[in-house]
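Q: Quick one, structure for this:
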Amino acid sequence: MTRIYLAGPLFCKAELEFNARLAGRLREAGYDVFLPQEAGISLPPAGTPEREVADADAFAEDVREIDACDILLLIMDGRVPDEGACFELGYAYAKGKRLVGLKTDIRVSEQGGDNLMLSVPLRGRLARSEEELLRILADM
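A: Okay, here's the model as predicted:
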């Protein structure tokens, strides 16, 4: 079964609900999905020693999961894509993983398009809807 790492923002209710619904749709389509928000890691207040340990644990788990995935899916919605998800894309690219993006947002971060550090690694595999995403995934 193809394993997808779903990389995107997960810091407000709308993002969490979107991610969960999308992960469910991908699972219904037959994919094994790792969604970081489901990992059960809780983050103590910033600036505490406990937070430093939790951050390091979350980072290590995410890297392990990217190493184990077949495809990294980058959610590119928002004024600019989430910086953590951008790192995950770069790491997955360096590891030779297959990459795909989903962008339902009409905003762009650069005049005339998206940042080339995101668009070039995606190699044109940027879906504008969930239906298009499923078609691209099926062809990967």
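
Q: would you list every one of the strands in this structure?
A: Shown for the chain, the strands assigned by DSSP state E span residues 3-7, 32-34, 71-75, 98-102, 126-127.

Q: So which elements touch the second one?
A: Helices and strands touching strand 32-34, as assessed by 3 or more Cβ pairs under 8 Å, 6 or more residues apart in numbering; DSSP states H and E, comprise strand 3-7, helix 13-28. Placement of C-beta: from N, CA and C, glycine included.

Q: partners of that strand, with directions?
A: strand 3-7 (parallel) (DSSP bridges).

Q: For the strand it pairs with, buried residues please.
A: Under the neighbour-count criterion of 16 or more other Cβ atoms under 10 Å, strand 3-7 has 4-7 buried.

Q: What angle do strand 98-102 and it make with each other?
A: Using axes from the mean of the first three to the mean of the last three Cα atoms, to 10 degrees, the direction of strand 3-7 lies 50 degrees away from that of strand 98-102.

Q: now what about stretch 91-109, what contacts it?
A: Applying Cβ atoms under 8 Å, 6 or more residues apart in numbering, the external contacts of stretch 91-109 come out as 5, 7, 22, 63, 66-67, 69-81, 89, 114-115, 118, 121-123, 125-130, 133, 136-137, 140.

Q: coming back round to it: output the strands of the chain in TSV; the columns should cover mean pLDDT and distance to S109.
A: Below are the strands of the chain laid out as TSV (pLDDT from 0 to 100; distance: least, Cβ to Cβ, whole Å):
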stretch	mean pLDDT	distance to S109
strand 3-7	98	17
strand 32-34	98	26
strand 71-75	98	13
strand 98-102	98	13
strand 126-127	98	13
